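J.: kindly return the folded structure for what I paste below:
(2 chains)
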There are 2 protein chains.
Amino acid sequence: MALPRKVVLLNPMHSVSNRIRSAASSDELVERFYFASRYAERRSDSRICDFTFGNPHEMPLPALVESIRRHAVPRNDNWFAYKTSEAEPQSYLAASLSRELSLSFEPEDIALTNGAFAAISVAFRLLLDAGDEAIFATPAWFSYEPILLAADSVPKKVHLQNGSFDLDLEAIERAITARTRLVIVNTPHNPTGRIYSGETLAALSQILTRGSQHTGRPIFLLSDEPYRRIRFDGRGFTSPGRTYPWTVVTYSYAKVTLAPGLRLGYLAVSPLMPRAEREALRGHMFAAQMALGWCFPNAILQYALADIDALSCDIAALTTKRDWMAGVLEKAGYELLRPEGTFYMFCKCPGGDAGRFWSFLASRDVFVIPGGLMGAPKHFRICLTASPGMIERSLPIFAEAIEIMRN
Amino acid sequence: MALPRKVVLLNPMHSVSNRIRSAASSDELVERFYFASRYAERRSDSRICDFTFGNPHEMPLPALVESIRRHAVPRNDNWFAYKTSEAEPQSYLAASLSRELSLSFEPEDIALTNGAFAAISVAFRLLLDAGDEAIFATPAWFSYEPILLAADSVPKKVHLQNGSFDLDLEAIERAITARTRLVIVNTPHNPTGRIYSGETLAALSQILTRGSQHTGRPIFLLSDEPYRRIRFDGRGFTSPGRTYPWTVVTYSYAKVTLAPGLRLGYLAVSPLMPRAEREALRGHMFAAQMALGWCFPNAILQYALADIDALSCDIAALTTKRDWMAGVLEKAGYELLRPEGTFYMFCKCPGGDAGRFWSFLASRDVFVIPGGLMGAPKHFRICLTASPGMIERSLPIFAEAIEIMRN
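T.: Below you'll find the predicted structure:
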């Protein structure tokens, strides 16, 4: 090898692209929590009380296992050939989603993806160029921001309404600029458990229509609905795709079947979208999915999709857990929001020091998500996928924690 | 809804981002071939002779099916919980890859991905910012260019050497500019079947070292090696990761197990990379994979990885198919390259009109990949995953085709 003519002195951080460094920096708290906190040390011990991520803490649904095993048996040479958005699951979903959302989907409206992360990432790349702005409200899911940053797009955060955590429509309208290309709505909402009403969504639709007219190009709406089927107390659900034509819907089976390790979801174009734009999005979906890393589901999951679509975790059991925990925590003095949907419960940290509160719980092997990871540093999130045993063991510790925080 | 104050008149194509339109335009020939050609009409009929994509045309490996079914049975609550790059497959691969490539991988060097598309897409985003240039040689795999374009990066294409299809090192050196950040090497090479020698790779390493010194930042090398284990005639293999320290390796199990519908692969950082940069890449891998759409493999495939790593399609049978087809085609007058690796055979179209040649074959239900899809319009690619029955039926048609093209 020739002797260097110029010494290469590098900042090793600059080996990594700006966009991924920026995504990583936005994701830093979550990564530190998952890989380098007391939770990271303790999470593999089944004796802890784990209220953190939306992970299962009971055995998988037997029908899910059975369907995967059955569809792993090849019936022809092509069984494990390349799969894109296959015709059969697309048609199935067009029919099923049309019934569920009261819209008339065509099979081509549905792009099958390996989970909602991929659906969201594809939607962002499909709709946004570098420098384009996407508005969303906080507290919010951890990952909208880093996914946008990795796409060189610009996250514009507004707050949800204080207390009610309803959408702050005026704040959204104020945030619209000439570069606004997308507004993200997550309903039922993680972490607050709110389901937005048809009236709120209709008012949002008016704002986005006005905004589109001002800027001269449509502002799209991404309706992220992975908790759509997890609703309490007989509540209804309206998809924003029914009230605003320029909507794309993202969905994942990870939540309703409690199997986030499988990776099955979709991105759907609202059938209300004007025909020319609807065709343009559909016509570019394959290229977007291919060019982002072949974001199509595994062959077996595509065969099993109709089976999986019929499955659900036990909503009655979730309701019991919600009411049990909410009752005991409220009685102990916690301020919390009983969720309308999702399997999360959003609570205010007692006392002024959220870090001290979290650490006390962690010292007793009770783990919750600090609200700071979701843009709400005075709150914490409880995930109700915890087992009844975990709930039972945690309740006296939660009661002790509030006592300590009061002193 | 308020009346529009300004009429929204849109070019519906502009609903889609520039970068995805540009990726789609680069992918247009492939998409048209797959979705809207005579091949698209005929491909589901098992009576055709299908020499196109690297798809299986015989039943899957029984051991593959057995392993997936076995690992689909849950052994604990977390069986289908979120999976990232799990410790067990990472450690397994570090050991297995160290033996295979004669390098000392640590588990953290290995990022598990849902296939090589994802590994490549993650590598591009991790290393390249918008405007950064990546050099690769044509003929080449269809998808490097659209994946780069979707990432707002700049593909810089050079030619392989005429006839030998060896790397043209001078052309690569000439293509290096201040914005060059990455050189892609695909060995064994799709579509030519060439395996680059240790000497060639050492010379390339010198060029990239000089280039890095000139530009003041390292030029990385992406070694895309999905065909690494598919080699003929006892040929050896040198990974560029052994000769050039700033190398990342991408791999997929799709080829060697003939199961591209499953989606399992990885991105590995060369252990020769200077420690600080190696740590920087490893430390940003999670964020890159998450922010690109959770590019981790499905839980079941992670459990099955050690089993899958031990499997291979029948290389002896592939060799027989190569020699059988090559012998008959050469005797008929075809000019072709007997592949050293991969399951492709790259042939010159007889006569001057490649379109007419392809259409004749297609009219007889023999389908090959037109070289134009890979930057080599005078050639065509045969995929040797075709069944022996397909080969047998096709040979008289190939013979007829060359006769017709001569007249």
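J.: may I see the buried residues of the helix or strand where residue A:32 lies?
T.: For residue A:32, the host element (DSSP states H and E) is helix A:28-36. Neighbour-count burial for helix A:28-36, with 16 or more other C-beta atoms under 10 Å in any protein chain shown as criterion, is recorded at A:30, A:31, A:33, A:34. No exception for glycine: its C-beta is placed from N, CA and C like everyone else's.
J.: adding distance to chain B and pLDDT, write these out as CSV.
T.: Converted to CSV, those look like this (distance: C-beta to the nearest C-beta, whole Å; pLDDT from 0 to 100):
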residue, distance to chain B, pLDDT
A:30, 9, 96
A:31, 6, 95
A:33, 12, 96
A:34, 8, 95
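J.: now the helices for the stretch 101-250 of chain A?
T.: A:116-127, A:144-150, A:169-175, A:198-215 (DSSP state H, counting those that start in this stretch).
J.: quick one, which of the ones you listed is nearest to residue B:320?
T.: helix A:116-127 (39.6 Å; C-beta to C-beta).
J.: before we move on, back to that, wait, which of the helices of the stretch 101-250 of chain A is closest to residue B:388?
T.: helix A:116-127 (37.6 Å).
J.: that closest one - contacts with which helices or strands?
T.: strand A:110-113, helix A:144-150, strand A:180-186, strand A:220-224, strand A:247-252, strand A:265-269, helix A:275-291, helix B:18-26 (3 or more C-beta pairs under 8 Å, 6 or more residues apart in numbering or on different chains; DSSP states H and E).
J.: what is the burial count for residue A:372?
T.: 18 (other C-beta atoms under 10 Å in any protein chain shown).
J.: wait, I meant residue A:51
T.: 25.
J.: with the one 3 residues further on instead?
T.: The criterion is other C-beta under 10 Å. On that basis, residue A:54 has 21 neighbouring residues.
J.: so it touches residue A:254, yeah?
T.: Yes. Residue A:54 lies in contact with residue A:254 (C-beta atoms under 8 Å); the separation is 7.3 Å.
J.: gap between residue A:285 and residue A:85?
T.: 7 Å (C-beta to C-beta, to the nearest Å).
J.: for residue A:96, give me its contacts.
T.: Neighbour list for residue A:96: residue A:309 [criterion: C-beta atoms under 8 Å, 6 or more residues apart in numbering or on different chains].
J.: where's it relative to residue A:20, distance?
T.: Distance from residue A:96 to residue A:20, by C-beta to C-beta: 37 Å.
J.: deepest-packed of the helices of the stretch 101-250 of chain A, please.
T.: Comparing those on average neighbours per residue, with mean count of other C-beta atoms under 10 Å in any protein chain shown, the densest one is helix A:116-127 at a mean of 28.
J.: that one to strand A:220-224, inter-axis angle?
T.: 180 degrees (axes from the mean of the first three to the mean of the last three C-alpha atoms, to 10 degrees).
J.: ok so, going back, residue A:285 and residue A:85: who's more crowded?
T.: residue A:285 (28 against 22).
J.: quick revisit: nearest to residue B:185, of the helices of the stretch 101-250 of chain A?
T.: Using C-beta to C-beta, the helices of the stretch 101-250 of chain A put helix A:144-150 closest to residue B:185, at 25.4 Å.
J.: near chain B, anything from the closest one?
T.: Yes. Among the residues of helix A:144-150, A:146, A:147, A:149, A:150 lie within reach of chain B under C-beta under 8 Å from any C-beta of the partner chain.
J.: also stretch A:45-53?
T.: Yes. Judged by C-beta under 8 Å from any C-beta, stretch A:45-53 comes into contact with chain B at A:46, A:53.
J.: that stretch: which residues count as buried?
T.: Applying 16+ other C-beta under 10 Å to stretch A:45-53 flags A:48, A:49, A:50, A:51, A:52, A:53 as buried.
J.: wait, doesn't the last one sit right on residue A:367?
T.: No. Using C-beta under 8 Å as the test, residue A:53 is too far from residue A:367 to be in contact (9.7 Å).
J.: circling back: would you mind identifying the next helix or strand past the helix holding residue A:32?
T.: helix A:38-42.
J.: for the closest residue to residue A:337 other than its chain neighbours, pull up the helix or strand it's in.
T.: Spatial nearest neighbour of residue A:337, excluding adjacent residues (C-beta to C-beta, 6 or more residues apart in numbering or on different chains): residue A:346 at 5.1 Å. Following DSSP H and E, one finds residue A:346 within strand A:344-348.
J.: give the next helix or strand downstream of that strand.
T.: helix A:354-363.
J.: now for that following helix, which elements pack on it?
T.: helix A:38-42, strand A:366-370, strand A:379-383, helix A:388-406.
J.: the ones you listed: which one's closest to residue B:403?
T.: helix A:38-42 (68.8 Å).
J.: show me what the helix or strand following the closest one pairs with in its sheet, parallel or antiparallel.
T.: Downstream of helix A:38-42, the next assigned helix or strand under DSSP H and E is strand A:49-51. Paired strands of strand A:49-51, with direction, are strand A:366-370 (parallel) (DSSP bridges).
J.: low-confidence regions, chain A specifically.
T.: Chain A contains residues with pLDDT under 70 at A:1-13.
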